[in-house]
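A.B. asks: predicted model and sequence follow; I will ask about them next.
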Amino acid sequence: MPIDYRTLNQGFVVEGRFVALPLSMWDECLPLAPDASYITALAESPETGLIYGATCGTECHLFVTGTRGSAGGTLDLGTVPDAQRIPSLAVTGTRDGRDQLLAAVNRPTGCALVCAEVSFSRDVIQEPSFYQPSVEAMSEHDGHRWFTVSAGREGAVRLLRDDGLFRYVNASGQLEEQEKLPEDARPASPILSCGDASGLRWLDDAGRAHGVGIDATEPRRTACGSPPARDCTAICGFRNGALIAEANGTVHHADFSAGEVTEAGRTVLPDIQCMAALPDGRLYGMCGTGIGHFFRIDLGSRESHDLGAVASVIATKRYGLEFGCALTGIQGDIFFGENDRGGHLWLYMPAQRSDSLI
């Protein structure tokens, strides 16, 4: 079905609220250089509620953002030496109020795992004090690329590399290979892989969806048949499965329990940039190129809604045009990482619903 551009919402998003958070904290750290502010990955600490992010560009940075109580703002944690891109982050545990942050780092000639122990001031209003962590490389691998890191609720950590599945032992910092992936099951690209507290998900070159649970003693990989087209642009987790976006804007639901792929809806513009689903069955994301449009798909009814262009007049007055990653927060908010010069961390607060949509 051809897209009718006359149906585009000509206004800005008024359903819910957007807040654009700058990647700096006044009087506490220098702002990130605009050309080093393209956000590539996000993760949330289940214990502290802090949001962690990674950027790329002229340099790759790690940052931490507080959004609760009196612990607010973004602190630059510094650059990651020799990093080309950081595709995934995970908080592997919290000790004495400090989060254990694990970053999957890709370099020009290989990859590495980088760890940092991070704390954040409990009060940034009266007497803020910050601890600058040291970033330590735990393991390095020549000729390989990391795709996704996933940390479970009970401390289990799984990783997806270009050739296999690994387990990370947080207490010792040891990395254990668990399964060598066959050629036809290896991930197609980092943007077509994702992880959350339930496990890892990815697409192979043929468009098949694969998943591995996070807490199983032995990895049990499941796969679903490919959607009608193999040219996909985004993936995110949803319950026991994955939502997969084709380049034409069609979203498919890969249900690992049922072993099938079904159509979940279609956006008004092609080229979905990123997306994130709420437990009640609402899928939010950005579609289109240049000036993107924010959308909502109700997965139960498969109805798609064009919510308009993105703008923030709170915290920072800014238009949101391109986003590279999205994270569903534990408390029901959604965080979007801006993939643009001078990128911001965008917080989206969805409108409340009195009924479940799915």
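C.D. replies: Looks like it came in fine. Residues are numbered from 1 along each chain as shown.

A.B. asks: mind listing what Pro31 touches?
C.D. replies: With contact taken as CB atoms under 8 Å, 6 or more residues apart in numbering, Pro31 is in contact with 22-24, 76. C-betas here are computed from N, CA, C, even on glycine.

A.B. asks: now for those residues: which two are most distant?
C.D. replies: Greatest spatial distance among those (CB to CB): Pro22 and Asp76, at 10.9 Å.

A.B. asks: just give the nearest non-adjacent residue to Arg318, would you?
C.D. replies: Leaving aside its sequence neighbours, Arg318 sits nearest to Ala20 (CB to CB, 6 or more residues apart in numbering; 4.6 Å).

A.B. asks: can I get the helix or strand containing the one you found in PDB? Just the C-alpha atoms.
C.D. replies: Assigned by DSSP states H and E, Ala20 belongs to strand 17-21. The C-alpha atoms that make up strand 17-21 are tabulated as PDB, following Å, rounded to 0.1, in the frame of the first residue of the first chain:
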ATOM      1  CA  ARG A  17       5.500  15.000  27.100                       C
ATOM      2  CA  PHE A  18       9.100  15.300  25.800                       C
ATOM      3  CA  VAL A  19      12.000  16.700  27.800                       C
ATOM      4  CA  ALA A  20      15.400  17.200  26.100                       C
ATOM      5  CA  LEU A  21      18.200  16.700  28.700                       C
END
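
A.B. asks: give me the buried positions along that strand.
C.D. replies: Buried residues in strand 17-21, defined by neighbour count with 16 or more other CB atoms under 10 Å: 18-21.

A.B. asks: just to revisit the earlier point, of the contacts of Pro31, which is the most crowded?
C.D. replies: Among the contacts of Pro31, Leu23 has the most neighbours (other CB atoms under 10 Å), with 25 neighbours.

A.B. asks: list the contacts for it?
C.D. replies: Here Leu23 is in contact with 31-32, 37, 53, 55, 61, 63, 74, 76, 343-345 (CB under 8 Å, 6+ apart).

A.B. asks: what number of residues lie near Lys180?
C.D. replies: By other CB under 10 Å, the residues close to Lys180 number 11.

A.B. asks: any idea what it is bridged to?
C.D. replies: Beta-bridge pairing for Lys180 (DSSP bridges): Gly164.

A.B. asks: ditto for Ile235
C.D. replies: Ile235 has these beta-bridge partners by DSSP bridges: Ile244.
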